[in-house]
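Engineer: Quick check, what structure comes out for this input:
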Amino acid sequence: MSKFSVDNQPAKRGRPVGAKSKRLSSFRANGNKLLDSLMERSNNGDDEAAKMVLSFMPKPKAEQEKVNFEIKGDSLITKAECIVDSIATGVISADVGCQLISSISAMARIIELTEIIERLDMLENTTVNVQNTLADRLTGGSRR
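Structural biologist: Numbers count the residues shown, from 1 in each chain. Prediction:
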């Protein structure tokens, strides 16, 4: 038995680059007929045909259950406590409650970052004002 090496290669090395698959072109040409035939067979009780038809169908997207309940409280902490109480009493499921609390946590981060940006802007403005005041005092008020 010979081994393949760089010099010892078969003459034909598979499908040429850019060549179309015969199966794909056949399916494109006859795909509707094939699906119609499978649908007819599955309607007549053929389980294998039904499985094949279902394999062509798009899978339904998983969605969380829709919840409708009142979240009481003005602060994020009281809202989170309300969600935990709703989980404990069975009003909402634990996974939905975790998602809601994660949303509240994201809101807290957004509020925190907004406050930090506002404080930074205020500090920068104060620093500029102090620098201008110092420059005015040093130059005797002739600056502007």
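Engineer: Spell out which helix or strand contains residue 124, please.
Structural biologist: Element membership of residue 124 [criterion: DSSP states H and E] is helix 94-139.
Engineer: What of residue 32?
Structural biologist: Residue-wise, residue 32 maps onto helix 22-43 under DSSP H and E.
Engineer: Show the subsequent helix or strand relative to that helix.
Structural biologist: The first helix or strand that comes after helix 22-43 along the chain, using DSSP H and E, is helix 47-56.
Engineer: Same question for that following helix: list its buried residues.
Structural biologist: Of all the residues in helix 47-56, those buried under the rule 16 or more other C-beta atoms under 10 Å are 49, 50, 52, 53. Using the backbone N, CA and C atoms, a C-beta is placed for each residue, glycine as well.
Engineer: try stretch 102-121
Structural biologist: Buried, per 16+ other C-beta under 10 Å, within stretch 102-121: residue 104.
Engineer: Is residue 82 in contact with residue 75, as I believe?
Structural biologist: No: with contact defined as C-beta atoms under 8 Å, residue 82 does not reach residue 75; the gap is 10.6 Å.
Engineer: Between the two, which has more neighbouring residues?
Structural biologist: Remark: of residue 82 and residue 75, residue 82 carries more neighbours, 17 against 8, as counted by other C-beta atoms under 10 Å.
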